[in-house]
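Undergrad: Any chance you could fold what I've pasted below:
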Amino acid sequence: MTAAHLTLQDVSDRLQIKDLLTRYALAIDTKDWALLDTCFVVDAELDYTSTGGEKGSYSELRKWLKKVLAPFAVTVHFLGNTSVELDGDRARARTYLWNPMGLQKADGDLHWFTVSAHYVDELVRTDDGWRIQRRVQERAAIIGALAGGPT
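TA: The predicted structure follows:
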């Protein structure tokens, strides 16, 4: 679909989906689990296995994210280059991710490593707006290592 063929609804949907993806990044980086809940449908399925994570329901992975992100003093999810395919109340999106993470070391310094990946999302329009129904994280590269930290 070219820009000349976008309806006002298409533009609105795309902006709302971009806002949803930004809200996800903000929720993860600030460890705001209530905000994270606004990003997914209740029965969403997530798969972070390509980068060493887990796969399962949102409720399972919400607990896992809370645990695995706790030791990190800093996580910064840079999102960009999102392509969106709209199909009525459903959509697919593919978003580039660049995620430097700083793990707190015993001496107070941060050990840095970076995850580069793509979020491949299936989204659905709900009464509360667009939500992620299925997410698969596809690994592009991992730069550095956890150095004994969580996986």
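
Undergrad: hmm, who's touching the longest helix belonging to the chain?
TA: Scanning the chain for the longest helix, with DSSP state H as the assignment, gives helix 8-30. Contacts to helix 8-30, defined as Cβ atoms under 8 Å, 6 or more residues apart in numbering, come from residues 1, 6, 32-33, 35-36, 38-39, 65, 69, 75-79, 82, 84, 86, 91, 93, 95, 119, 121, 123, 125, 129-132. C-beta here means a position set from N, CA and C on the backbone, and glycine is covered the same way.

Undergrad: Now, these that are in helices?
TA: Cross-referencing these against helices under DSSP H gives 33, 35, 36, 65, 69.

Undergrad: Would you reformat those residues as TSV and include distance to residue 20?
TA: Output for the ones in helices among the contacts of helix 8-30, formatted as TSV (distance: Cβ to Cβ, whole Å):
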residue	distance to residue 20
33	16
35	11
36	11
65	17
69	20
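
Undergrad: which secondary structure elements does the strand or helix carrying residue 98 contact?
TA: According to DSSP states H and E, residue 98 maps onto strand 90-104. Packing partners of strand 90-104 (3 or more Cβ pairs under 8 Å, 6 or more residues apart in numbering; DSSP states H and E): helix 8-30, strand 72-75, strand 78-87, strand 110-126.

Undergrad: pretty sure residue 142 contacts residue 114?
TA: Yes - with contact defined as Cβ atoms under 8 Å, residue 142 reaches residue 114; the gap is 7.3 Å.

Undergrad: can you list the weak-confidence ranges in the protein?
TA: 1-3, 147-151 (pLDDT under 70).

Undergrad: most distant residue from the middle of it?
TA: residue 107 (30.3 Å; Cα atoms, centre = their mean).

Undergrad: pretty sure it belongs to a strand, no?
TA: No - assignment of residue 107 by DSSP: H, G, I helix; E, B strand; the rest coil gives coil, placing it outside any strand.

Undergrad: For the longest helix of the chain, buried residues please.
TA: 13, 14, 17, 18, 20, 21, 23, 24, 25, 27, 28, 29 (16 or more other Cβ atoms under 10 Å).

Undergrad: Is it possible to get TSV of these that adds distance to residue 50?
TA: Converted to TSV, these look like this (distance: Cβ to Cβ, whole Å):
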residue	distance to residue 50
13	28
14	26
17	22
18	23
20	22
21	18
23	23
24	17
25	18
27	21
28	17
29	20
